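S.K.: When you get a sec, could you give me coordinates for this:
(2 chains)
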2 protein chains.
Amino acid sequence: MKQGLEMTKPGRPRSEETRRAILAAAGRLLFRKGVSGFTIEGVARLSGASKVTIYKWWASRGELALDGFFSIVSPTIDVALTGDLEADLATQAESIVALFRDTQTGPVLAGLIAEAQSDPDLAEALRARWLDPRRAAGAVVLRAAKQNGEIRADVDTTMVLDQIYGAIYIRLLLGHAPLPDGMATVMIGNLMPGIRTPSWPTRQRRVREARSTDR
Amino acid sequence: MKQGLEMTKPGRPRSEETRRAILAAAGRLLFRKGVSGFTIEGVARLSGASKVTIYKWWASRGELALDGFFSIVSPTIDVALTGDLEADLATQAESIVALFRDTQTGPVLAGLIAEAQSDPDLAEALRARWLDPRRAAGAVVLRAAKQNGEIRADVDTTMVLDQIYGAIYIRLLLGHAPLPDGMATVMIGNLMPGIRTPSWPTRQRRVREARSTDR
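M.R.: Numbers count the residues shown, from 1 in each chain, chains lettered A, B, ... in the order given. Modelled structure (predicted):
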């Protein structure tokens, strides 16, 4: 019976195993050598799969590199939200600052962005699979703040996210300034008075009011 | 006499001419094919100079590409300053938005930034020759505003510039959002209330006061 079942899906478990070995090898090679040292040959050598097999599943070097990237890095931001706009935006953005600065993810992602400048398919995949999910997390926080009236209805939330994340990415890519802890918090502090509904009580006032209620 | 003079600087005019031809060819090739299509061979073909001659003056492809870039693009921002902080920051940043969006400078610069990810010398040269002069222009405006008290003394001006230019560069490099006219003005508007000295009259108030004085 068991043998019969296996015969109905010929080769499937084997090819899935090969696929996984290729992905693991791609991730390992990418994080060891960066995008510029990433080759299909190298992945073939490391995984034991043939180049023909690799090309059967991945159309280009860029595509395989991106899948290798995601075999190591999570595409989502997993931070707990508190409902405090400034704190939630800061937690999300500070986690990216630390990821870019303290792990190989920063340089590897910089290499993928570089590669994407001459590979439109990779650029598209990078937007759809890396950028969009991460921006969505920030957009959820900003949208909620719009709905409850904390930030003005006419605020361009895409722009606000770019005014936080653009600075982080550009420091990663141009290296003209460091990525210190707390930089996102400072940037968000710079933006809040300009995007908050004027009548909304500031955090200091809310804290003061909460304290006076406690007494 | 004239002949004698020429003999005292042997070969100089000729080599200067060759150098200029190489630079012009490098700029032309770079703006026609982008960084990924830029080769020393191509520059040799286009300029009529030999590869040996080119390598005598330029150590790497990246260096030659950058010199070619500057044979076409000015390294400085030439915009008139008015002394109005918001207006001056906006004029500078809007000029970059238009440059990136409307000319080949945007894609070519994106290619150079990409190349810089795997070429530390190019990264260094790009910072020193492109980024620093342009950032200096913005820093001058912000520093003057700090000195006259319009923006708070504790504001991190490098961060403020990154919160304007980072968004512009990241849209150029990631292509997730367009580069519309007026985007820099909106971004500066988002930042001003957060960096301005609280007691400083807002632009609206200044305009109102100027009007009431006129009457």
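S.K.: Which of the three states applies to A:S15?
M.R.: Of the three states, A:S15 takes helix under DSSP: H, G, I helix; E, B strand; the rest coil.
S.K.: can you tell me how far it sits from chain B?
M.R.: The gap separating A:S15 from chain B is 34 Å, by Cβ to the nearest Cβ, to the nearest Å. Placement of C-beta: from N, CA and C, glycine included.
S.K.: count of neighbours near that residue?
M.R.: Under the neighbour criterion other Cβ atoms under 10 Å in any protein chain shown, A:S15 is assigned a count of 13.
S.K.: Return the per-residue confidence for it.
M.R.: On pLDDT, A:S15 comes in at 88.
S.K.: One more: A:R45?
M.R.: In the predicted model, A:R45 carries a pLDDT score of 97.
S.K.: For the residue nearest to A:L81 when sequence neighbours are not counted, give me its contacts.
M.R.: Across the structure, with Cβ to Cβ, 6 or more residues apart in numbering or on different chains as the measure, the residue nearest A:L81 apart from its sequence neighbours is A:D88 (5.0 Å). Taking Cβ atoms under 8 Å, 6 or more residues apart in numbering or on different chains as the definition of contact, the neighbours of A:D88 are A:79, A:81-82, A:141.
S.K.: With respect to pLDDT, which of these ranks lowest?
M.R.: Taking the contacts of A:D88 together, the minimum pLDDT is found at A:V79 (79).
S.K.: per-residue confidence for the closest residue to it other than its chain neighbours?
M.R.: Among residues not flanking A:V79 along the chain, A:T91 sits closest, at 4.7 Å (Cβ to Cβ, 6+ apart). A:T91 carries a pLDDT value of 95.
S.K.: and what of A:A210?
M.R.: As predicted, A:A210 sits at a pLDDT of 69.
S.K.: do the same with A:A59
M.R.: On pLDDT, A:A59 comes in at 89.
S.K.: Which strands or helices does the helix or strand containing A:A21 pack on?
M.R.: Assigned by DSSP states H and E, A:A21 belongs to helix A:12-33. Counting contacts by 3 or more Cβ pairs under 8 Å, 6 or more residues apart in numbering or on different chains; DSSP states H and E, helix A:12-33 packs against helix A:40-47, helix A:51-57, helix A:61-70.
S.K.: List the contacts of it.
M.R.: In contact with helix A:12-33 (Cβ under 8 Å, 6+ apart) are residues A:6, A:37-39, A:42-43, A:46-49, A:53-54, A:57, A:64-65, A:67-69, A:71-72, A:104, A:108.
S.K.: Swap in 7 Å and give it another go.
M.R.: When contacts are taken as Cβ atoms under 7 Å, 6 or more residues apart in numbering or on different chains, the neighbours of helix A:12-33 outside the stretch itself are A:38, A:42-43, A:46-49, A:53-54, A:57, A:64-65, A:67-69, A:71-72, A:104, A:108.
S.K.: Please list only the buried members of those.
M.R.: Neighbour counting with 16 or more other Cβ atoms under 10 Å in any protein chain shown marks A:38, A:42-43, A:46-47, A:49, A:53-54, A:64-65, A:67-69, A:71-72, A:108 as buried within the contacts of helix A:12-33.
S.K.: coming back round to it: among the contacts of A:D88, name the ones in helices.
M.R.: With helices identified by DSSP state H, the entries of the contacts of A:D88 that belong to them are A:V141.
S.K.: Closest to chain B out of the contacts of A:D88?
M.R.: Taking Cβ to the nearest Cβ as the measure, chain B sits nearest to A:V141 out of the contacts of A:D88, at 16.2 Å.
S.K.: ok, and the closest non-adjacent residue to that closest one?
M.R.: Nearest residue to A:V141, sequence neighbours excluded (Cβ to Cβ, 6+ apart): A:D88, at 4.8 Å.
S.K.: Phi and psi next, for the one you found.
M.R.: With angles defined as degrees, to the nearest 10, A:D88 shows backbone torsions of phi -70, psi -40.
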